[in-house]
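# pasted the sequence and its predicted model underneath.
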Amino acid sequence: MKKRLFALVLIFSLLLIASFSVASAADEEPIPLQFRLNWTLYGEHAPFFVGVDKGFYLEEGLDVTIVEGSGSSTTVKLLGNGTNSIGYADSATMMRGVTAGVPVSAVAVTFQSSPMSFIYRADAARPTTIDELPGTKVVITAGDASLSIFEACLGANGMTMDDVELVQVSNPQAKETAVLEGKADTFLGYFVDQPLRMEKVTGVDMGWSKLVDICNVNTLSSAIIVNNFWAAENPEIVEKFVRASQRAWAYTQENPQEAAEIFAEHAEAFDAPLALAEIEGSLTLMHTENSEGQPIGWSALEDWQATQQVLEDYASFKPEADVTVFFNNDFISEPPYLP
């Protein structure tokens, strides 16, 4: 009798402990995580806000706060010094940081085809082909981050900066003004953002030609990057964040209008139609021929090698013998990207 009673008490105790453990796990506070962007808000960032709004990050146990950036180089530095642990930055910019000793790497690449484009007035379109590039008036700012890939564009087609007419201005806004006023033919920028906003603000029809189409030169672009030391200590957090982000990008692909409405609620400069236009452009850049058919964010070794080669050949880049120091696909999940 005593043995039976003891057994019943033991079973009851174990069930009580188990139920308490489950309840405790369910009641655990989500882990706070700040995600630093590459720049001020534009449509490319919409999927991350979808992830927050739809609760995808919370389902992974993460309380994500999205923070605007002030340039990829700044984001790379802030991750490198530990101010932030995870962020979003241009791949080529991150690669330069790595070769300078910054401990960061890419864990998911969302822009695998570069959005860099020649942006111009639609009624004065130039250049639309590589043959139109010589003599084109290209407006730039001092230290313009787009100059490296522009040099690569020229070099890959047997030209140098001497073959175009450079018009230097003091700030990015002045580049747009110079083209609008006819003082320059074109400036370099992201087709998914700047020409669309210029049309909305000025009413002037704008056009663009992607550098990858004009020059046959491509570099990997925006990626989720991490501080390597933090990622080594927190691999589960990295995996959860990447998976929730993959899910958010997939949801945005399937529901671009809803994504635009969500993003417009967070970004004061946007209404839903402008957000939708930028999102639709962004969704065209997610894969290359080498990564087509792979999960969202998965990147190919060949594309990293090609990006490094472009930077080495035309942008004074010191190459790494092993490009896997720049990236890994270890945290990429398979669809449907559920916890």
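Cool, got the structure.
# from here on, just use CA atoms for contacts and neighbour counts.
Noted.
# for M95, give me its contacts.
Taking CA atoms under 8 Å, 6 or more residues apart in numbering as the contact definition, M95 lies against F326.
# off-centre distance for the host helix or strand of it?
M95 belongs to helix 91-99 when assigned by DSSP states H and E. Using CA atoms, centre = their mean, to the nearest Å, the mean C-alpha position of helix 91-99 is found 14 Å from that of the whole chain.
# for the helix or strand just after it, list the C-alpha coordinates in CSV.
Following helix 91-99 in sequence order, the next helix or strand is strand 104-109 (DSSP H and E). C-alpha atoms of strand 104-109 as CSV (Å, rounded to 0.1, in the frame of the first residue of the first chain):
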residue,chain,number,x,y,z
VAL,A,104,31.7,40.5,-39.2
SER,A,105,30.2,38.2,-41.8
ALA,A,106,27.0,37.8,-43.9
VAL,A,107,24.4,35.1,-42.8
ALA,A,108,21.7,35.9,-45.4
VAL,A,109,21.9,37.9,-48.6
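# what does strand 104-109 contact?
With contact meaning CA under 8 Å, 6+ apart, strand 104-109 is reached by 76, 79-80, 91, 94, 97-98, 220-228, 242, 286, 296-299, 325-332.
# next SSE after the helix or strand bottoming out on mean pLDDT in the chain?
Every helix and strand in the chain was compared by mean pLDDT, DSSP states H and E; the lowest is helix 2-26, with a mean of 43. Downstream of helix 2-26, the first helix or strand assigned by DSSP H and E is strand 31-36.
# list the contacts of the helix or strand following that following strand.
With elements assigned by DSSP H and E, the helix or strand that comes after strand 31-36 is helix 46-53. The contact list for helix 46-53, computed with CA under 8 Å, 6+ apart, reads 57-58, 64, 66, 244-245, 247-249, 251-252, 259-260, 262-263, 266, 279.
# which among the contacts of strand 104-109 count as buried?
Buried by 16 or more other CA atoms under 10 Å: 76, 79-80, 91, 94, 97-98, 220-228, 242, 286, 296-299, 326-329, 331-332, out of these.
# helix, strand, or coil at V167?
Following DSSP: H, G, I helix; E, B strand; the rest coil, V167 is assigned to strand.
# partners of it in the sheet?
Counting by DSSP bridges, V167 forms beta bridges with V139.
# count of neighbours near it?
17 (other CA atoms under 10 Å).
# now L62: how far from A244?
With the distance defined as CA to CA, to the nearest Å, L62 ends up 9 Å from A244.
# looking at these two, which one has more neighbours?
Using other CA under 10 Å as the criterion, L62 and A244 rank with A244 on top: 26 against 21.
# doesn't P335 make contact with that one?
No - here A244 lies out of contact with P335, judged by CA atoms under 8 Å, at a distance of 10.9 Å.
# residues in contact with the spatially most central residue of the chain?
The residue lying closest to the centre of the chain (CA atoms, centre = their mean) is S222, at 2.9 Å. Each residue near S222 by CA under 8 Å, 6+ apart is listed here: 88-91, 109-112.
# for I119, same thing?
Counting by CA under 8 Å, 6+ apart, I119 has contacts 186-189, 191, 195, 206-209.
# what sits against N157?
Contacts for N157 were tallied using CA under 8 Å, 6+ apart; they are C215.
# so what's the predicted local confidence for it?
Looking at N157, its pLDDT is 93.
# quick check: it vs T219, distance?
Going from N157 to T219 by CA to CA gives 16 Å.
# got any ranges where this protein has weak pLDDT?
1-27, 143-145 (pLDDT under 70).
# the domain parsing of it - what is it?
Following automatic domain parsing, one finds the domains of the chain at 31-113+220-325, 116-215.
# what about the longest one, start to end distance?
Right, domain 31-113+220-325. Note: domain 31-113+220-325 ends 28 Å apart using CA to CA.
# which residues of the protein fall in strands?
31-36, 62-67, 86-90, 104-109, 116-121, 137-141, 165-169, 186-190, 206-210, 222-227 (DSSP state E).
# elements contacting the third one?
If contacts are counted by 3 or more CA pairs under 8 Å, 6 or more residues apart in numbering; DSSP states H and E, strand 86-90 sits against strand 31-36, helix 72-80, strand 222-227.
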